[in-house]
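Visitor: A structural model of the following input is requested.
(chains A and B)
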Amino acid sequence: MKYIFIISFLFFSFSKVEAYRAYITNEKDNTVSVIDINKKKVIETVKVGQRPRGIIMSKDGKLVLICASDDDRVEVRDAETMKLKYHLPSGPDPELFILSPEDDTLYIANEDDAMVTVVDMVDKMIVDDIPVGVEPEGMGLTNDGKVLVNTSETTNMAHFINTENLEIMENVLVDARPRVAMFTPDDKEVWVSAEIGGTVKVINPSSKEVTHTIGFEIPGVNEESIQPVGVRHTKDGKYTFIALGPANRVAVVDSKTKEVIKYLLVGQRVWQLAFTPDQKTLLSTNGVSNDVSFINVEKLKVEKSVKVGRFPWGVVISPN
Amino acid sequence: MREKFFLIILLFITLSLSFPVETRELSIQQLEERKKADEERKKAREKRGKKTFQKEISITTDIVFVSKEREVPPVLSNLDPVLEDEGFYGVKLALEDNLTTGRFLGHDYKVEFHRILLEEDLVSEFEKLLKKGKKYFVVDLNESELLSLMKLSGIDDVLIFNTRAKNDSLRNENCKKNFFHIAPSYSILSDALTQYLVKKKWKKWFLVTGPKENDRLYAQALKSSAKKFNIKIKEEKTWDFTSDLRRTAGKEVPIFTKGSNYDVLVVADEAGEFGEYLAYRTWDPRPIAGTQGLKPNSWHRTHEQWGATQMQNRFRRESGRWMTEVDYHAWTAVRALGETITRTQSNDVKKVQEYLLGDKFGLGAYKGVKVSFRSWNGQLRQPVLLAAPRSMVSVSPQEGYIHPVSELDTLGKDQPESSCKF
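Guide: Purely as a prediction, here's the structure:
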């Protein structure tokens, strides 16, 4: 009898709970909120470093990396326990970053020193810095990891970087205050959002020419508050979702025609977006209303909002 | 026997499930190697720091910053140092920002700093600069000085950016097409403050005006705003005491403010001669607003929203002090030029002037929405920060004030009210 109890206890305590988790950085609270996607609830709030902003995960879902901007370093935490494993060096004020396809190299945009810092994940040391424009933020990477696009907020440019020799290949002028650069799933286009310019520019990565400029018009919302930031493409090449900042809406754009299909009302000052692995749900961080919105991608409807910490900034969802 | 067996199994299970801790303890040699690698990277960075142009320089733009040495009046509050370099670091940072884009495009920017000494004559020094062919001037001058420049021959072929004078007359009857005003006018500041006070329902004012001319102009703007937003000025007084308030404020202020039924004491004392000493000494418990207390500013050291932290940090690292409003205006002026030249690919004065006054121009200036110039009088439309000495209270325009063109135009005199004829 004793053994049945022991074995069943051991079995249940070590079996994995199958649920996707979303990790959200709360910029002003210095915490990360962990949300159970199925339950649509915050299950844990973890104290992290100062001014956490960019947040990503390794492809195996084991590590969560956080830019602790005011600590000038990157925290690497275990995805399940959220315990701090180690720090990675970065430049001053790391804001956003991206991992290479093999997760062996980390490219960090340091907002304070106009550099992209390249960090080796195995040796945990800085390999090189690439000088870019002023206040770099956006980081877009092709699927093969060969081309990195970084945007500079004050220089108003998108820098195309060859990751093999870490040299800038080309600099494309975009509209005022570019924030995010995101390649389409087929790597044939890179979309760059301009926060103050109020547009999203579509650039052809081979010719480096701007092929489309997407503008937004929302009845009843004044033009100045339409400030595009986050950009996410669906894997099937159908939709692109764009967070519009203080317009409090996420625009749904037809990825092929570049026409805006719909505007979804979410919380206040929506900045970043993330898909669940099955791409059925999209989460948005609403910085000023301190919540996260769940968007049903199929129905194109906002279903729920969940309160998190103060000024939610970045969001990443576990791949498994 | 069974217990031992159970414990062994438990031990095996816990051992197999404990996660291997990933620490890599570095040997001394590895630490040394990393230190060397860091040093080499630093050197490579510094070498790269001698930034070179990626394209051949096709356009070089000369910008001149002009300020005037002034006699320092005796101030009552000697907490803040009197600055002699306002505007300098703003221009320097903006120049570097312009060059980060310029280096990629082949556009060069150069700046000359001219400080006109007390004994020198502004007009003749300026004429010398005009003769040298300088076209773009960012100036820290007052209204009479700007008016004297307007009379110079050759002035129409250059662009002047005003970083200091807030006089409404320069935006109305004394406006000029090639004079751009980065500093907000008194009307813009008073409207920004009034919108907030209306929101708070503090609609009964006690208005105190200082003895100087600028105080009178500020008070005039405040009275205009009061009329516009339906405020009642219950009492109006001019401060003309000249005693040292550090000693007697406790006695003078209560009597001065006794008797009236008001919500907020609004003060216009630009020089700061008595305004600081009103708080907590009024007869009734009342907040202070205006040039002291809750103050409308174009920039403030407590401002950190919309990426402003980045600007504050960069400025402090460069200058060793906080960015002032004039610094911010100087930065904005040079950046406006840079942004225009980047987009028009030309530094021809007429083309630049047209673009600046056009509707395509927009600049990110760390205040949340883009700033641009009013086409009818060259005033920069911008959000206004309402700040207490150590905290940001609000940003105007307040929510709810709408406008067909831009909500920023709910601040200051709008186009139909303007007496400016370009």
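
Visitor: Spatially, which residue comes closest to the residue of the stretch 101-250 of chain B found nearest chain A, not counting chain neighbours?
Guide: Per Cβ to the nearest Cβ, B:Phe104 is where the stretch 101-250 of chain B lies closest to chain A, at 4.1 Å. The way it works is simple: take the backbone N, C-alpha and C, and place the C-beta from them, glycine included. Nearest residue to B:Phe104 in three dimensions, chain neighbours excluded: A:Asn171, at 4.1 Å (Cβ to Cβ, 6 or more residues apart in numbering or on different chains).

Visitor: Same check on A:Ile161?
Guide: A:Ile161 sits nearest to A:Leu148 (Cβ to Cβ, 6+ apart), 4.3 Å away.

Visitor: about what we covered before: wait, what's in contact with the residue nearest to B:Phe104?
Guide: Contact analysis of A:Asn171 by Cβ atoms under 8 Å, 6 or more residues apart in numbering or on different chains lists A:Gly133, A:Met157, A:Ala158, A:His159, A:Phe160, B:Gln54, B:Phe104, B:Leu105.

Visitor: I'd assumed A:Asp175 was in contact with the second one.
Guide: No. Using Cβ atoms under 8 Å as the test, A:Met157 is too far from A:Asp175 to be in contact (10.5 Å).

Visitor: So which of those two has more stuff around it?
Guide: A:Met157 (27 against 23; other Cβ atoms under 10 Å in any protein chain shown).

Visitor: Tell me the spacing between the more buried one and chain B.
Guide: Separation of A:Met157 from chain B (Cβ to the nearest Cβ, to the nearest Å): 6 Å.

Visitor: what pairs with that residue across the strands?
Guide: Applying DSSP bridges to A:Met157 yields these beta-bridge partners: A:Ser152, A:Leu173.

Visitor: what is the rounded mean pLDDT of the top helix by length along chain B?
Guide: In chain B, ranked by residue count with DSSP state H as the criterion, the top helix is helix B:28-49. The average pLDDT within helix B:28-49 is 73.

Visitor: now it, how far from the centre of its chain.
Guide: Relative to its chain's centre, helix B:28-49 lies at 39 Å (Cα atoms, centre = their mean, to the nearest Å).

Visitor: what is the mean pLDDT for the following helix or strand past it?
Guide: Using DSSP states H and E, the helix or strand that follows helix B:28-49 towards the C-terminus is strand B:59-68. Strand B:59-68 carries an average pLDDT of 96.

Visitor: buried set for strand B:59-68?
Guide: Of all the residues in strand B:59-68, those buried under the rule 16 or more other Cβ atoms under 10 Å in any protein chain shown are B:Ile59, B:Thr61, B:Ile63, B:Val64, B:Phe65, B:Val66, B:Ser67, B:Lys68.

Visitor: Compile those into a markdown table and extend it with columns for distance to A:Gln279.
Guide: Converted to a markdown table, the buried residues of strand B:59-68 look like this (distance: Cβ to Cβ, whole Å):
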| residue | distance to A:Gln279 |
| --- | --- |
| B:Ile59 | 47 |
| B:Thr61 | 49 |
| B:Ile63 | 51 |
| B:Val64 | 56 |
| B:Phe65 | 54 |
| B:Val66 | 58 |
| B:Ser67 | 58 |
| B:Lys68 | 63 |
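
Visitor: Nearest to chain A among those?
Guide: Closest approach between these and chain A, by Cβ to the nearest Cβ: B:Ile59, at 14.3 Å.

Visitor: For residue 161, pull up the helix or strand it's in.
Guide: Because you didn't say which chain, this covers chain A. Per DSSP H and E: strand A:157-162 holds A:Ile161.

Visitor: Let me rephrase: I mean chain B.
Guide: strand B:159-162.

Visitor: who touches that strand?
Guide: B:135-139, B:141, B:146, B:149, B:170, B:178-183, B:329, B:333, B:336-337, B:349, B:352-353, B:356.

Visitor: which of these count as buried?
Guide: When the contacts of strand B:159-162 are checked against 16+ other Cβ under 10 Å, the ones flagged as buried are B:135-139, B:141, B:146, B:149, B:170, B:178-183, B:329, B:333, B:336-337, B:352-353, B:356.

Visitor: ok, of the contacts of A:Asn171, which come out buried?
Guide: With neighbours counted by 16+ other Cβ under 10 Å, the contacts of A:Asn171 contain buried members at A:Gly133, A:Met157, A:Ala158, A:His159, A:Phe160, B:Phe104, B:Leu105.

Visitor: which ones are touching the second one?
Guide: Looking back up the chat, that one is A:Met157. A:Met157 is in contact with A:Gly133, A:Thr151, A:Asn171, A:Val172, A:Leu173, A:Val174, A:Pro178, B:Thr101, B:Phe104, counting by Cβ under 8 Å, 6+ apart.

Visitor: let's go with 7 Å and repeat that
Guide: A:Met157 sits next to A:Gly133, A:Asn171, A:Val172, A:Leu173, A:Val174, B:Thr101, B:Phe104 when contact means Cβ atoms under 7 Å, 6 or more residues apart in numbering or on different chains.

Visitor: per-residue pLDDT, it?
Guide: Per-residue pLDDT puts A:Met157 at 93.

Visitor: same check, this time on the first one
Guide: Among the per-residue scores, A:Gly133 holds a pLDDT of 88.

Visitor: Could you look up the SS state of B:Arg145?
Guide: To be clear, residue B:145 is Glu; Arg isn't right here. Recorded secondary structure, B:Glu145: helix (DSSP: H, G, I helix; E, B strand; the rest coil).

Visitor: Just give me how far stretch A:143-154 sits from the chain centre.
Guide: The chain centre lies 13 Å from the centre of stretch A:143-154; the measure is Cα atoms, centre = their mean.

Visitor: To clarify, my last question referred to stretch B:92-107.
Guide: Distance of stretch B:92-107 from the chain centroid (Cα atoms, centre = their mean) equals 21 Å.

Visitor: Same check on stretch B:163-176?
Guide: Remark: stretch B:163-176 is offset 17 Å from the chain centroid, using Cα atoms, centre = their mean.

Visitor: That one: which residues count as buried?
Guide: B:163-172, B:174-176.

Visitor: What of stretch B:397-412?
Guide: B:Pro397, B:Gln398, B:Tyr401, B:Ser406, B:Glu407, B:Leu408, B:Asp409, B:Thr410, B:Leu411, B:Gly412.

Visitor: Quick one: end-to-end distance for that stretch.
Guide: End-to-end distance of stretch B:397-412 (Cα to Cα, to the nearest Å): 10 Å.

Visitor: Repeat that for stretch A:235-251.
Guide: Using Cα to Cα, one end of stretch A:235-251 lies 17 Å from the other.
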